[in-house]
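Q: I need the structure of the sequence given here:
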Amino acid sequence: MSWNISFAALTACILGILLVFYFTRPRFQIHLNIVFFHLLVFQVLTLFIDIISSYLDSNYEHWPFALLYVANILYFVMFYSRSFLFYRFILVVPAEKKPAEWTVYINTFTYLFCVALAVISPWFHSIFWFDKYGYHVGALYDCLYVALAVHIITCCYILFINFEEMNRQVQLWLWISVGFIAAGTIIRKLLPTVLVMNTFFLFAILILFLAVQNPDRYVDGRTQCFNARAFQMILRERLERKQYKTLFAFAINRYNDKREIYSSSMTDLALEEIGVFLKNEFPSAEKFYLRNGQFVLLLNNKLSAEYVHGIMKERFNNLWNIRGARIYFNISQIVIDADLMSYGYDAVQDCVYAALDTGSAESDGFGNGSLNRIEKNSFDRITRQVNVRHVLATSIQENSVEAWLQPIIDAETGKIVAAEALARIRDKKLGLIPPVEFIALAEQNGMIGVLGEQILATVCSYFADRNLYQKGVKWINVNLSPTQCLDVNLPDIITNIVDSYRIPHSCVHLEITEEAMVDEAVLKVQMDALVSNGFVFALDDYGSGFSNITRVKNLPFVNIKLDKQVVRNHFQKPDNILPATVKMFTDRGQTVTAEGVETEEMAHLLRDMGCTHLQGFYYSAPIPITEFEQLLKDN
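A: Predicted coordinates for the structure are as follows:
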C-alpha cells in the first residue's frame, strides 16, 4: 500500500506560516490558550509522524518491524490526541454553559480506549499490523472513525446549548471548524491512502486561531499591553481556579482633559511610552490597559504592591518627553490584596472599575503620592451591588417589580387626592430593596425603560380596577428617568399603556427630576407631545439639581415638587427663600407639593406658606399597592 503525501507537503507550508505568526505575538496563560497551544503542537507532531510513518509503510521491506510498529503507534496516538484536544478546545470556549459530566467521561474514555487499541496492535492486530506483504488494517480500525464521530457530535452539542450565550460570529466560525473536521473524516474514510485529514484539521485550527485565538484580539495597539477583554478572561479563570494574585491598578487623573490639552495623538504616544515603561520595569507582571488611561498589573509573589507603588510614584513625579513635548500625568493608584480576591469575579471586576473610574475623575492635585488599598467593606458594598444587579434583572424579566404608593395630601382639606408610584424589588436573601440601590443600576444596564413601563402598567391597572378616581384619588404620579426622556418613542409608549387600561390621560402625572432637564431641547419636544395628548407634568425634587428658573418657565410643568432636603433645611434654619419660591410658582398658576413633611407643625406652616399639596412620612411612608385602599378608608 502506498500513500499520496502531496496534501501533507502543502499543509506543512501553511502550518509553518501559522506557527511563526503565533509564536512571535504576545500570549497570556489561560486554560483556553494552553489547550490551543497543545493542539498546535499535536498538529505538528501528527503531520510529520504521518509523513514519516507513510514513507516507512510504503517502503516496509527496508525497515525492521519494530520501527514500523513504533512509528505507526506514535501516529495513531498523535491522531487521537489531536482530535481529543480539538474537542477540549470547543469545550473550553463557552464561558457560560458546560455540557453534562457524562459527555466528558464518554469522550475521555473513547480517547483512552482508542489509544490503548493502537498500543496493543503489535500483539492483537487491533488497529493495524504488518507481515511480509506490508501494512494491513486491523479488525477494529474503524474505531478511529467512531472516536472522531463522538468528538464531533459532542462539539455540536456544546455549541448548540450555548447558542444564546455565545457571540454569533464566533459561534458561526466554530461551527465551520467542526464542519471541516467532519468533512475531513468522511473524505479520509473514502480515500484512506491520501493524507488529506491533516489539511482539514489545519483549516479547522486556522479558523479557531482567527476567530478565537488571534493574539491581536487581546492586545491594545497603543500600549502593547493586554486589553480589557484579556483582563476579564484572565481574571475570571484565575479566580475560578483560586489562583489569587495581588492586583495593582492606576488611572491617569482627568484623562479626557489631558487628551484635550495635549492632543489625542500626543496622549496616545504617551500611552505607548507608559506601556514600554511597564514592560521594562515589571517584566514578570501581567499588564493590561483597560480604557481611558486605566492600567492593571497582576503581581506575582516576587513583586509587592509597595515596591510597584514606589517605582510608579518616582516615574510619574517626572515629566514624559514625547517628541520634544513635556507631558505631565498625575495618577491615582489602588491595590487589592490577594486574600480579597476570593470575593469572586463579578465583585473584583466591579470594584476595580469603580475604583479606577473614581481615580480618573480626581483632580491633578491628588494621587501620585498615595496608594489606595481597597478594604473588605468596599467589597461588601460591591458584592451587594452585584447581587442587586442580578435580582433586578430577574425581577424585570419576570415582571415582578413591585409598585408602592405614597399618598399626596391636599394641603387645605388634609385628604388624600393623589399618590406617587415608587418601585421596589424583593429578594429572599436581600429582602426588600429600595430604589436608591437599583435605579442607577437599571439606567446603567439599559433596563430603566422596561422597568418604568412595568410600573406604569401596574399602577394603571390598579387605578382602573379599584376605581380610585371615584374614591377621591384624582391622579397618580409616575417617575420618568433621564434615560427614558431621551427615547423618541416615549410619547407613544406611555399613551399606548395608559389607553390599554382606559384611563383619562389627565389622571397620570409624569414626574421629571431636574437631572433629566440637561437636554432641554429634546425634553421639550417629548413633553409637548405628551401634553398635547392630555398628560400632566410635575417637576420632581426642585432645588436639588440643575436649578434654572428659565428652563422651568419654558417647560410645561403644572406642578412643582420641592425637594425634601430643601424643606428640611428651611425648618432647620428658617429664612425667606422657601416662602418666596413657593409664592413665585403659585403666582405663575402652578401648584406646589412639599416633600419630606414629617410633623404636624411642618404641615401647617407649609400650608400657610402657600403649598397646595403635601407629601411625607407624617402622612404615610410608601406602602405596598395592596395596602393603599385601607389607607384611603382610614383617611
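
Q: Mind jotting down where the strands sit in the stretch 101-250 of the chain?
A: All strands of the stretch 101-250 of the chain, identified by DSSP state E, counting those that start in this stretch, fall at 128-131, 134-137, 246-252.

Q: Serialize those to a markdown table and add fields for distance to V488.
A: The C-beta positions use only the backbone N, C-alpha and C, and glycine is treated the same way. Listed next are these as a markdown table, based on distance: least, CB to CB, whole Å:
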| stretch | distance to V488 |
| --- | --- |
| strand 128-131 | 70 |
| strand 134-137 | 69 |
| strand 246-252 | 35 |
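
Q: Can you tell me which of those strands is most buried?
A: strand 246-252 (a mean of 26; mean count of other CB atoms under 10 Å).

Q: Give the other helices and strands that it contacts.
A: Applying 3 or more CB pairs under 8 Å, 6 or more residues apart in numbering; DSSP states H and E, we find strand 246-252 packed against strand 294-299, helix 305-316, strand 331-336, helix 345-360.

Q: Give the residue farthest from the middle of this structure.
A: In terms of distance from the mean C-alpha position of the chain, K132 ranks first, at 64.3 Å (CA atoms, centre = their mean).

Q: how far away is that one from Y60?
A: Taking CB to CB, to the nearest Å as the measure, K132 falls 9 Å from Y60.

Q: Which segments of this structure make up each domain?
A: 6-217, 219-374, 388-634 (automatic domain parsing).

Q: Please, where are all the helices along the stretch 501-635 of the chain?
A: 520-532, 549-554, 564-572, 577-587, 600-609, 628-634 (DSSP state H, counting those that start in this stretch).

Q: how far out from the middle of the chain is the longest one?
A: What it means is helix 520-532. Averaging C-alpha positions (CA atoms, centre = their mean, to the nearest Å) puts helix 520-532 33 Å from its chain's average.

Q: got it, and the shortest one?
A: Between the mean C-alpha location of helix 549-554 and the chain-wide mean there is a distance of 39 Å, by CA atoms, centre = their mean.

Q: Just the CA coordinates for it, please, in CSV.
A: Extracted in CSV, the C-alpha atoms of helix 549-554 (Å, rounded to 0.1, in the frame of the first residue of the first chain):
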residue,chain,number,x,y,z
ILE,A,549,-35.9,79.1,36.6
THR,A,550,-35.7,80.0,32.9
ARG,A,551,-35.9,76.3,31.9
VAL,A,552,-38.7,75.7,34.4
LYS,A,553,-40.5,78.6,32.9
ASN,A,554,-40.0,77.3,29.3
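
Q: can you list contacts of that helix?
A: With contact meaning CB atoms under 8 Å, 6 or more residues apart in numbering, helix 549-554 is reached by 517, 520, 524, 539, 542, 560, 584, 588.

Q: and if you look at the first one?
A: The contact list for helix 520-532 (CB under 8 Å, 6+ apart) reads 485-486, 490-491, 494-495, 510, 512, 516-517, 537, 551, 554-556.

Q: Grab the nearest non-local neighbour of K98.
A: In this structure, K98 finds its nearest non-sequential neighbour in L91, 7.3 Å apart by CB to CB, 6 or more residues apart in numbering.

Q: quick one: contacts for the one you found?
A: 98-99, 104, 154-155, 158.

Q: Tell me the buried residues in the helix or strand harbouring it?
A: Using DSSP states H and E, L91 maps to helix 65-92. Residues of helix 65-92 classed as buried by neighbour count (16 or more other CB atoms under 10 Å): 68-69, 71-92.

Q: Kindly report the same for stretch 319-332.
A: Buried residues in stretch 319-332 (16+ other CB under 10 Å): 320, 322, 327, 329-332.

Q: With pLDDT added, can I get the residues you listed in CSV?
A: Below are the buried residues of stretch 319-332 laid out as CSV (pLDDT from 0 to 100):
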residue, pLDDT
W320, 90
I322, 87
I327, 88
F329, 90
N330, 88
I331, 90
S332, 89
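
Q: which residues touch H570?
A: Counted by CB under 8 Å, 6+ apart, H570 has contacts 577-578.

Q: now K583
A: K583 makes contact with G610, according to CB under 8 Å, 6+ apart.

Q: mind checking how far it is from A538?
A: The spacing between K583 and A538, counted by CB to CB, is 19 Å.

Q: same deal with Y462?
A: In terms of CB to CB, Y462 sits 20 Å off from A538.

Q: Looking at the two, which is more packed in?
A: A538 (25 against 20; other CB atoms under 10 Å).

Q: If you drop the residues flanking it in sequence, what lies closest to that one?
A: Spatial nearest neighbour of A538, excluding adjacent residues (CB to CB, 6+ apart): N559 at 3.9 Å.

Q: That neighbour bridge partners, please.
A: A538, T591 (DSSP bridges).

Q: these two touch, right, it and Q590?
A: Yes: shown here, N559 and Q590 form a contact pair, counting by CB atoms under 8 Å, at 6.5 Å.

Q: neighbour-wise, which of these two wins?
A: A direct count of neighbours by other CB under 10 Å for N559 and Q590 places N559 higher, at 23 against 17.
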